[in-house]
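*Asks:* The sequence and its predicted three-dimensional model are supplied below.
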Amino acid sequence: MTTRVAIVGGTGKLGGIIRDVVEAEDGFEVFAILTSRSDPSELDGADLVVDASTTAVSIDVVRAAIERGQNVLVGTSGWSAERVALVRPLVDAAGTGAVFIPNFSLGSVLGSALAAAAAPFFPSIEIVEAHRETKADSPSGTAIRTAELIAAARADVGPVESPRVDQRARGQQVASVPIHSLRRPGVIARQETILAGAGESLSIVHDTIEPAAAYGPGIRLALAAARDARGVIVGLDAFLDIGLRTPGTRSGAPVSEGDVPGQVARVTSS
């Protein structure tokens, strides 16, 4: 049976990549392409809604899908744990599924998982993320997700040490982790998590080099999972056995990809 997919934001960069994946994937077909200004009634008849719209309208897209009894896959940035909590009761009441993917690339998921695994061992942790100048929101959804995973991993040892948080240049705190956002030409997506302790530091860096190649495998995995999902699920790591504990992937948690070419994930120490 073919799953009919409505893609909101299907004319944008991420939406276009998702559209290409859906068109090439057996068992799925593009039912409708919507923009951020489309009427919600255009979702009628779809089996699965994929949201790649904008931070401002994403919550309305998710609510519209839930009201129609449709499962929804959200790739739009800006969904913090607090924002996800707003729709969790609606999803549970409707008996549908909502899957939130801050980043579709395997390297990014591994980078966040590695940061969470290392987090209890370092008192100081900060995130520096960079995206192209056209990205409207900051911090990025990936940085928010990483900070929330770090906080969950440090539940027994307490928040990270963040001196001078009253100064604006110290970044925006998310779950006690300072995040510094760069928006500039010549970069697609890059995140560095810097963990520091007495006499040493550990940097975990992920670079997206070619988005379609980097995101494609994760999009395919997420589409298959979202089609049959129930409840709220956050993060691609919920569907991957990466051998690392990453707290907070399932709906009851306290917070809130194979050979993948086109990306680089590296760990360096100094």
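*Replies:* In hand now; what should we look at?

*Asks:* for Ala98, helix, strand, or coil?
*Replies:* Following DSSP: H, G, I helix; E, B strand; the rest coil, Ala98 is assigned to strand.

*Asks:* again, but for the one 10 residues further on
*Replies:* Using three-state DSSP as the criterion, the local structure at Ser108 reads helix.

*Asks:* so where's this protein shaky on pLDDT?
*Replies:* 245-270 (pLDDT under 70).

*Asks:* Excluding sequence neighbours, find me the nearest residue to Arg184.
*Replies:* Excluding its sequence neighbours, the residue lying closest to Arg184 (C-beta to C-beta, 6 or more residues apart in numbering) is Glu133, at 5.7 Å. To be clear about C-beta, it is placed using only N, CA and C from the backbone, and glycine gets the same treatment.

*Asks:* Touching, that neighbour and Ser181? I think so.
*Replies:* No - counting by C-beta atoms under 8 Å, Ser181 is not a contact partner of Glu133; they are 11.4 Å apart.

*Asks:* quick one: which of the two has more around it?
*Replies:* Ser181 (17 against 10; other C-beta atoms under 10 Å).

*Asks:* check which helix or strand covers the more buried one.
*Replies:* According to DSSP states H and E, Ser181 maps onto strand 177-183.

*Asks:* Show me which positions of that strand end up buried.
*Replies:* 177-181, 183 (16 or more other C-beta atoms under 10 Å).

*Asks:* Pull the residues that contact it.
*Replies:* 125-133, 135, 138-140, 143-144, 146-147, 150-151, 160, 162, 165, 170-173 (C-beta atoms under 8 Å, 6 or more residues apart in numbering).

*Asks:* if we can go back for a sec, what residues does the residue nearest to Arg184 make contact with?
*Replies:* Contacts of Glu133 by C-beta under 8 Å, 6+ apart are 183-185.

*Asks:* Ile66: which of those residues is nearest?
*Replies:* Arg183 (32.0 Å; C-beta to C-beta).

*Asks:* do you know how far that closest one is from Thr134?
*Replies:* Distance, Arg183 to Thr134, by C-beta to C-beta, to the nearest Å: 8 Å.

*Asks:* Ok, Asp92 next?
*Replies:* From Asp92 over to Thr134 (counting by C-beta to C-beta), the distance is 36 Å.

*Asks:* Looking at those two, which is more packed in?
*Replies:* Applying other C-beta under 10 Å to Asp92 and Thr134 shows that Asp92 carries more neighbours, namely 15 against 8.

*Asks:* my read: the more buried one touches Gly231, true?
*Replies:* Yes - using C-beta under 8 Å, Asp92 is in contact with Gly231, at 6.5 Å.

*Asks:* Let me have the buried residues of strand 177-183 in JSON lines, extended by distance to Leu14.
*Replies:* Formatted as JSON lines, the buried residues of strand 177-183 follow (distance: C-beta to C-beta, whole Å):
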{"residue": "Val177", "distance to Leu14": "25"}
{"residue": "Pro178", "distance to Leu14": "27"}
{"residue": "Ile179", "distance to Leu14": "21"}
{"residue": "His180", "distance to Leu14": "23"}
{"residue": "Ser181", "distance to Leu14": "18"}
{"residue": "Arg183", "distance to Leu14": "17"}
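
*Asks:* Tell me the secondary structure of the residue nearest to Asp156 when sequence neighbours are not counted, please.
*Replies:* Among residues not flanking Asp156 along the chain, Pro120 sits closest, at 7.1 Å (C-beta to C-beta, 6+ apart). Here Pro120 is recorded as helix under three-state DSSP.
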